[in-house]
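> quick one, structure for this:
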Amino acid sequence: MSEKIKEKLNFQKILQNPVIFIKWLLISVFMGIFAGAAGVLFYYAIHFANDFRYEHPWLIYLLPAGGLVIAFLYHICKMDNDKGTDAVISAARGEKNLSILVAPLIFIASTITHLLGGSAGKEGAALQIGGSIASGFAKIFRLNENDKKTIILCGMSAVFAAIFGTPVTAAVFAMEIISVGVIQISAIVPCTISAIIGAKLAVVCSIAPTSFEFSGIPEFTVASIFKVIIISVLCALLSVIFCSAIHKTHYLYEKLLPNHYLRIAVGGVIIVILTLIVGSQDYNGAGMSVVENAFTGNSGYEAFILKIIFTALTLGAGYRGGEIVPVFFTGATFGNVAGRILNLSPSFSAGIGLVSLFCGVSNCPLTSVIMSVELFGSEGIVYFLISCALSYMLSGNYSLYHDKRFLLSELYADSFDKKAI
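The predicted structure follows:
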C-alpha cells in the first residue's frame, strides 16, 4: 500500500472520530442517567432492607419463604437457569442475548435476600441491572453487535459507580472483567462518561462514596514489603478457597436437591440454623459494619471463615446478590487477623487484604490498584501494586465467574486460549 493511500485512510479515520465521539457521548450520557438512576434506587432498596432487618431480627426466620418467592419469580419468567453475572459477561462479548427481565428480577430478588438475612453483596446485581438495561436500550436504538457490547459496558459502569461511588474503578472494571489479559479499551470513553454521571447522580441523591478509615501505612522497608508479600500470598490462596467454595457449594446443592424450590428453601433453613448457632447476624446481609470494624481492629479471628460459609450456602442455594461485598468482608477481616500476627496496623492490613482478595477472585489487577486509590488514597499505592500483582499471579485460573475467558496466561505472555478469541 502506498504512503498516499495510507495518509488518505488515516485522514478519513480522523474525520470519523468526532462523529463517533458525539454518538457515544449522547449514548453514554443517556445510559449514565438511566442506569445511574437505577443504581441509586437499588442502593436505597438494599440499604433499607439491611437496616430494617437489623431493627427486626426475627425476619431471618422468613428467609426460606423468601427463597420460594425468588424461585417462583424466576420460574414464571422462564429464567430458572439464569447465570447471573456470567450472563452479562457473555452478553458483553456478544455471545448471548440478555433479557430486559434480568434487571427487575435481580433488583427484587437481591432486596428479598438482604431483607431476610441471606449473605450476599450488591455489585453482582449492579452489573446485571446495568447490563440488562443497556441491552434493552440497544434494541431500542437498533445498535449493531459491536455497539451493543459497548453499551452493555456503559450500563455496568454507571450502576457500579452509582452504588460504590468509585467512577474510575467502575469504568475500568467493566472493561477488564470481560476477559483476563485483554481490556476492551475501545469502550473507555463511553464507560468513563457513564461512570462519572452515575457517580455524580449518586452524590446528588445523598449517597456517600464507599470509604474506610485507612491509616498506619508503614515505612517502605524490606521488612514491611516482606509482610505485605506474606498477606498477598495468603490472600491468593484464600481467593482460590473462596471461588471454590462458591462453585462447589452450588454444584452440591444442584446434585443433592435438583428441585429449585426445595433447594432454596433448604438453603434458607440452613442459614437460619447457622445464624442461631453463631448467635449474631453479623454474617447475614452485606455485613459492611463488620468490614468497617476490621479497619479499627475489632473483627473476630473467625469472621472471614464464617463469611465464606454463609455466602457460599446463600448464593449456592439460589438466593440472589453479589459476591464482591462478601469478598470485601472476607479480605478485610482476614487482613486484620494477618496484620495482628505480623504486627501491622489493623487498618493497613485490612486494606491490603480487601484489595488483594478482590484481585484474586476477579482477576482484575488494574481495577484493583485503581480501587485502592479511590478507597484509601494514593499514599500506599506501591504496597497495593505489590499485593495485587502477587494475588493475580498466584490465584491461577480461579474466578468468581465461569464465563470469564482467560485470553492471556497469568504466567506467560505468549500463552493464550485460542477458543476465547
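> may I have stretch 107-116 as PDB, with CA atoms only?
Extracted in PDB, the C-alpha atoms of stretch 107-116 (Å, rounded to 0.1, in the frame of the first residue of the first chain):
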ATOM      1  CA  PHE A 107     -33.500  -6.000  41.900                       C
ATOM      2  CA  ILE A 108     -36.400  -7.700  43.700                       C
ATOM      3  CA  ALA A 109     -34.600 -10.900  44.400                       C
ATOM      4  CA  SER A 110     -31.500  -9.200  45.900                       C
ATOM      5  CA  THR A 111     -33.700  -7.000  48.000                       C
ATOM      6  CA  ILE A 112     -35.500 -10.000  49.400                       C
ATOM      7  CA  THR A 113     -32.200 -11.800  50.100                       C
ATOM      8  CA  HIS A 114     -30.800  -8.800  52.000                       C
ATOM      9  CA  LEU A 115     -34.100  -8.100  53.800                       C
ATOM     10  CA  LEU A 116     -34.400 -11.700  55.100                       C
END
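> hmm, Phe141 is touching Ile27, no?
Yes - here Phe141 reaches Ile27: they are 7.2 Å apart, a contact under Cβ atoms under 8 Å. No exception for glycine: its C-beta is placed from N, CA and C like everyone else's.
> now the element after the strand or helix carrying Ile352, going C-ward?
Element membership of Ile352 [criterion: DSSP states H and E] is helix 346-362. Toward the C-terminus, helix 346-362 is succeeded by helix 365-376 as the next helix or strand (DSSP H and E).
> let me see the mean pLDDT of that next one.
The average pLDDT for helix 365-376 rounds to 95.
> stretch 169-178 now?
92.
> tell me the secondary structure for Arg320?
Secondary structure, DSSP: H, G, I helix; E, B strand; the rest coil: Arg320 is coil.
> and the nearest residue to it once chain neighbours are set aside, how many neighbours?
In space, and not counting its chain neighbours, Arg320 is closest to Ala109: 3.6 Å by Cβ to Cβ, 6 or more residues apart in numbering. If you count neighbours by other Cβ atoms under 10 Å, Ala109 ends up with 25.
> helices or strands next to the one helix or strand Ala109 maps to in the packing?
Counting by DSSP H and E, the element that carries Ala109 is helix 102-115. Where contact means 3 or more Cβ pairs under 8 Å, 6 or more residues apart in numbering; DSSP states H and E, helix 102-115 is packed against helix 3-55, helix 63-76, helix 123-141.
> and for the second one, what's in contact with it?
The set of residues external to helix 63-76 that reach it, using Cβ atoms under 8 Å, 6 or more residues apart in numbering, is 80, 82, 105, 108-109, 112-113, 115-118, 260-261, 264-269, 271-272, 317-320.
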